[in-house]
Every structure is written in C-alpha cells, then in structure tokens.
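Novice: Kindly return the folded structure for what I paste below:
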Amino acid sequence: MSESTTDFKHTTGLVAGLIDGVDDARLSDPTPCGHYTQAQLLNHLIGLSLAFTAAARGETGPHNDAPPGEPPTTLQPGWRAELEQRLGELADAWSEPSAWEGEALAGGVTLPASIMGLVALNEVAVHGWDLARATGQPYELDPAVIATLTAFTGQDAHDQTAREGIYAPVVEVPATATPQDQLIALTGRNPAWRP
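Specialist: All right, here's what the predicted structure looks like:
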C-alpha cells in the first residue's frame, strides 16, 4: 500500500479545519451519524483519536482495550484545542512505518495493524464528513484516500452480517455519484443528508 493513500495528515487536517466552524449554540443539533448530536460526534472524534493513536503505538489501556461507549452529550472546556491536538497526534502516530506492522488493539478488538490503520483512517474520514455536513461546511477528501477507503469499505458491502454494528445498510446512489458520495453511501449514510 503506498504511503500517499495511508497518510493521515491530509484527512486529519481537513477535520481539524472544521473545528472553528462549529457553532456552540448548535451542539445539540443532529448529524448524519445515527442518533449522535454534534457534541456526541465531537466527543467520539476525540475518543477515537485517542484509541487509534494508542493502537498505532502498540499500547494497551483504557483508551483502546474496550468497545467505545455512548459519547457524552456535553463537551469539556477546551475541546477545540484538544481535538486538534489529538488529530495531530493520530496522524503522527500512523506516519511511523512500525505502526503498520504486527497487530494493533482498538475498541477491544485486535486486528493486523495494516487493517487497523485503514479502520482508523476510515473512521476519521467518514466522521469528518459527518461533522462537515452537520455544520454546513465544505469537505473534500483526497482522491487517493477515497479510492483506498472505497476498496476497503466495499469488501463487505452487501454482507449485512459482517457489517452488523459497524455500518447501516448501503445507501443506493446513482452511478454518476461522485467517488466521495459513493464512499459515504457504502458506510450506510445518505450523501444527500442535510440538517
């Protein structure tokens, strides 16, 4: 797998760029991510950044040895700076070649690190889309990242048993849909979702 398709920095930078566009008065508003409010989605992004950073570093502990719980509905003071920092640490951790070797633990699940890295990148990329769409901000993933994640996410696209607890059923989109919209549809989200 080429370095360009597994470089987190473009994706984490995109997500970090959305932070200032989040309106504190709308944190209880919905998102495309199931029943999550904006606050819950942001807390989830903070939590997954911690978990997948620990996974990349080969660590075990409270951030990654159990499945994630329901994200809190309120944010801690300083959440903007924390999320930006956590995203940067996540990108740095997966930029180390050793992060992609052996096995890695996150969410109480152990996987080959080469697969866990793709899970992590997919989580950041798709939840970034969730946040952008919920807050009305532009969001364009790198085409190489879209291609990598589409191939990864599409492996079990029509096996709902394999997707159980991970994604909702695939949303049908026209063949003319953009590659990014096709990726989003594979994750069970409607690319046309609006607040």
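Novice: Where do the helices of the protein begin and end?
Specialist: In order along the chain, the chain carries the following helices (DSSP state H): 9-16, 38-56, 79-94, 113-135, 143-153, 160-163, 179-186.
Novice: got the CA positions of the fourth one in CSV?
Specialist: So the one you mean is helix 113-135. Once non-C-alpha atoms are left out, helix 113-135 reads as follows in CSV (Å, rounded to 0.1, in the frame of the first residue of the first chain):
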residue,chain,number,x,y,z
ALA,A,113,-2.0,-3.3,12.2
SER,A,114,-2.3,-2.9,8.4
ILE,A,115,-6.1,-3.4,8.7
MET,A,116,-6.4,-1.3,11.9
GLY,A,117,-4.7,1.6,10.2
LEU,A,118,-7.3,1.6,7.4
VAL,A,119,-10.1,1.3,10.0
ALA,A,120,-8.7,4.4,11.8
LEU,A,121,-8.4,6.4,8.5
ASN,A,122,-11.9,5.4,7.5
GLU,A,123,-13.3,6.5,10.9
VAL,A,124,-11.6,9.9,10.7
ALA,A,125,-12.5,10.5,7.1
VAL,A,126,-16.2,9.5,7.4
HIS,A,127,-16.8,11.2,10.7
GLY,A,128,-15.2,14.3,9.3
TRP,A,129,-17.8,14.2,6.6
ASP,A,130,-20.5,13.8,9.2
LEU,A,131,-19.2,16.9,11.0
ALA,A,132,-18.9,18.9,7.8
ARG,A,133,-22.3,18.0,6.7
ALA,A,134,-23.9,18.7,10.1
THR,A,135,-22.2,22.1,10.3
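Novice: before we move on, back to that, switch the helices of the chain over to CSV; also include mean pLDDT.
Specialist: Shown next, in CSV, are the helices of the chain (pLDDT from 0 to 100):
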stretch, mean pLDDT
helix 9-16, 97
helix 38-56, 97
helix 79-94, 98
helix 113-135, 97
helix 143-153, 95
helix 160-163, 55
helix 179-186, 97
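Novice: possible to save those helices as TSV with distance to residue 62 and mean neighbour count?
Specialist: In short, each C-beta sits where N, CA and C put it, glycine included. What follows is these, written out as TSV (distance: least, CB to CB, whole Å; neighbours: other CB atoms under 10 Å):
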stretch	distance to residue 62	mean neighbour count
helix 9-16	22	19
helix 38-56	9	24
helix 79-94	15	19
helix 113-135	18	22
helix 143-153	27	18
helix 160-163	27	12
helix 179-186	31	21
